[in-house]
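Asks: Just need the structure, nothing else, for what follows:
(2 chains)
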There are 2 protein chains.
Amino acid sequence: MGDRSPSERTTVKRLPKRAAYDSATIHAILDEGLVCHVGFLVDGQPCVIPTLYVRLGDRLYLHGSPASRMLQAVQDGQTVCVAVTLVDGLVLARSAFHHSMNYRSVVLYGTPSAVEDPGQKAEILRGLSDHIVPGRWDEVRVPSEQELRRTLVVSIPIDEASAKVRTGPPLDDEPDYELPVWAGVVPLRLVPGTPIDDARLLPGVKVPAYAANYQGPRGVPGPDGS
Amino acid sequence: MGDRSPSERTTVKRLPKRAAYDSATIHAILDEGLVCHVGFLVDGQPCVIPTLYVRLGDRLYLHGSPASRMLQAVQDGQTVCVAVTLVDGLVLARSAFHHSMNYRSVVLYGTPSAVEDPGQKAEILRGLSDHIVPGRWDEVRVPSEQELRRTLVVSIPIDEASAKVRTGPPLDDEPDYELPVWAGVVPLRLVPGTPIDDARLLPGVKVPAYAANYQGPRGVPGPDGS
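Replies: Numbers count the residues shown, from 1 in each chain, chains lettered A, B, ... in the order given. Okay, here's the model as predicted:
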């Protein structure tokens, strides 16, 4: 996926100065996100379901049970919409009207297909694990053949995508700068707490550094190193 | 909205033991969320857009510019789907297969309508402000008549809704408890940072307590006190 011109539906109409269509911006937002919201049709009705995901190269991958209604629905050839939203802060202006939020979001469209090859499925699940908790995969029991069969993996080409980003301070109407009201930004960030040991740990098993100092999701090289 | 039986589309099919349909659970999740993801149709294609919201009583309210494609689209009589997802932690099991996430989510359906009355619009915008930053509204310049005209407020009755909640430790296959692998939960929470003063504050204006010690969104009494 190189830089691309936006399609009609990915052209940001509201506040177009906040829009970006380059892969670097879009990939960086996707790589920092944990949960996406998938929009799809069931009997003509739009449905939205949150789920984990990973971006590898030019594709987004979802996984779940073969019984998942969402995963079943998205495989019938329909184009789905996926949104990833990172909340960066509350923007407090001097007027109620100019309050806002700092955020980075991506909205993308693509037509999903199931990944059938067990080896490829395992690689994608490893990518998902590396995205969410880097270092974890090498320590755990990897999926058995039966577990791979019981895991549906869906691939969504990032055919059309746009990013929208707001940063910086509030922007007030000029006369309102005379008001004796505090204005500024309250930063927000998804922060890890102290890991909670499972009650059935074997003696001497300590919490690993990647959990004790969890840094959040990160990008993972795709199959072609992208 | 009392407790209700789920409709076909709000019946949680996957892992039904995680489902809840009572108003107390649903309202508590909605009241703690900052951003919702709205699923709606444009030319038969599902679209998902993140936006702020507030729940007041049995309704969810969105707001934005009259030029917003999303707000325009949701007023054409279609039923929209709104999802709110709170991420509570990563669940690290001894096998890759049983990794999971602790979360609380709501998915609801309703048919939006525009709120026309300026007084009612102002009350809802106050509710939105009280939901996101309690205490803020009383300090800022409230919306002018013109600003109210330039703000579209949309009301969505929470006609059908379901919650899905996962809490607690990982659940591994019995033989995997013999593995010398750390397992447990990494809690995650949206945490405020130190407020950033706007560059043009008047001399002597200090950061208010509700920003310095921001506690996150909270519930707001509805028009009938609910």
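
Asks: show me the contacts for A:Asp88.
Replies: Counting by C-beta atoms under 8 Å, 6 or more residues apart in numbering or on different chains, A:Asp88 touches A:101-104, A:167, A:187-189. (C-beta placed from N, C-alpha, C; glycine too.)

Asks: Over to it. Which of the three states is it?
Replies: strand (DSSP: H, G, I helix; E, B strand; the rest coil).

Asks: and the residue sitting furthest away from the middle of chain A, what does it touch?
Replies: What lies farthest from the middle of chain A is A:Glu178; by C-alpha atoms, centre = their mean that is 40.4 Å. Shown in contact with A:Glu178 (C-beta under 8 Å, 6+ apart): B:Leu202.

Asks: measure it to A:Val106 for me?
Replies: 38 Å (C-beta to C-beta, to the nearest Å).

Asks: Also within reach of chain B: list those from the contacts of A:Asp88.
Replies: A:101, A:103, A:187-189 (C-beta under 8 Å from any C-beta of the partner chain).

Asks: okay if I get those as TSV plus pLDDT?
Replies: Formatted as TSV, those follow (pLDDT from 0 to 100):
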residue	pLDDT
A:Met101	97
A:Tyr103	97
A:Pro187	98
A:Leu188	98
A:Arg189	95
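
Asks: Tell me the one among those residues nearest to B:Gln75.
Replies: For the ones next to chain B among the contacts of A:Asp88, the closest approach to B:Gln75 (C-beta to C-beta) belongs to A:Met101, at 22.8 Å.

Asks: Tell me how many other residues crowd the closest one.
Replies: 19 (other C-beta atoms under 10 Å in any protein chain shown).

Asks: My guess is it contacts A:Leu86. True?
Replies: No: look at A:Met101 against A:Leu86 with C-beta atoms under 8 Å: they stay out of range, at 10.7 Å.

Asks: which other residues reach the least confident helix or strand in chain A by mean pLDDT?
Replies: Lowest by mean pLDDT, DSSP states H and E among the helices and strands of chain A is strand A:19-20, with a mean of 81. With contact meaning C-beta under 8 Å, 6+ apart, strand A:19-20 is reached by A:6, A:11-12, A:26, A:162-165.

Asks: Tell me the helix or strand right after it.
Replies: Going down the chain from strand A:19-20, the next helix or strand is helix A:23-32, by DSSP states H and E.

Asks: what is the rounded mean pLDDT of that following helix?
Replies: Averaged across helix A:23-32, the pLDDT comes to 96.

Asks: Can you pull out the residues in contact with it?
Replies: For helix A:23-32, with C-beta under 8 Å, 6+ apart as the criterion, the contacting residues are A:1-4, A:20, A:53, A:55, A:60, A:84, A:86, A:104-106, A:108, A:131, A:158, A:161-163, A:165, A:216-220.

Asks: So which of the residues you listed are in helices?
Replies: A:His131 (DSSP state H).

Asks: Just the buried ones from the contacts of helix A:23-32?
Replies: Neighbour-count burial (16 or more other C-beta atoms under 10 Å in any protein chain shown) is assigned, among the contacts of helix A:23-32, to A:4, A:20, A:53, A:55, A:60, A:84, A:86, A:104-106, A:108, A:131, A:158, A:161-163, A:165, A:216-217, A:219-220.

Asks: Among these, which lie within strands?
Replies: The strands, defined by DSSP state E, take in A:20, A:55, A:60, A:84, A:86, A:104-106, A:108, A:161-163, A:165 from these.

Asks: For these, work out which two are farthest apart.
Replies: Of all pairs in those, the most separated under C-beta to C-beta is A:Leu60 and A:Val165 at 19.1 Å.

Asks: before we move on, back to that, buried subset of the ones next to chain B among the contacts of A:Asp88, written for ChimeraX?
Replies: To isolate the buried ones among the ones next to chain B among the contacts of A:Asp88 in ChimeraX, judged by 16+ other C-beta under 10 Å, type:
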select /A:101,103,187,188
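
Asks: how about JSON lines for the ones next to chain B among the contacts of A:Asp88, with secondary structure and distance to A:Leu152 added?
Replies: As requested, the ones next to chain B among the contacts of A:Asp88 are exported to JSON lines (DSSP: H, G, I helix; E, B strand; the rest coil; distance: C-beta to C-beta, whole Å):
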{"residue": "A:Met101", "secondary structure": "strand", "distance to A:Leu152": "34"}
{"residue": "A:Tyr103", "secondary structure": "strand", "distance to A:Leu152": "31"}
{"residue": "A:Pro187", "secondary structure": "strand", "distance to A:Leu152": "38"}
{"residue": "A:Leu188", "secondary structure": "strand", "distance to A:Leu152": "33"}
{"residue": "A:Arg189", "secondary structure": "strand", "distance to A:Leu152": "32"}
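
Asks: Skipping adjacent residues, who's closest to the spatially most central residue of chain A in space?
Replies: By C-alpha atoms, centre = their mean, chain A has its centre lying nearest to A:Gly33, at 3.6 Å. Among residues not flanking A:Gly33 along the chain, A:Val84 sits closest, at 4.1 Å (C-beta to C-beta, 6 or more residues apart in numbering or on different chains).

Asks: partners of the one you found in the sheet?
Replies: Assessed by DSSP bridges, A:Val84 has beta-bridge partners A:Val106.
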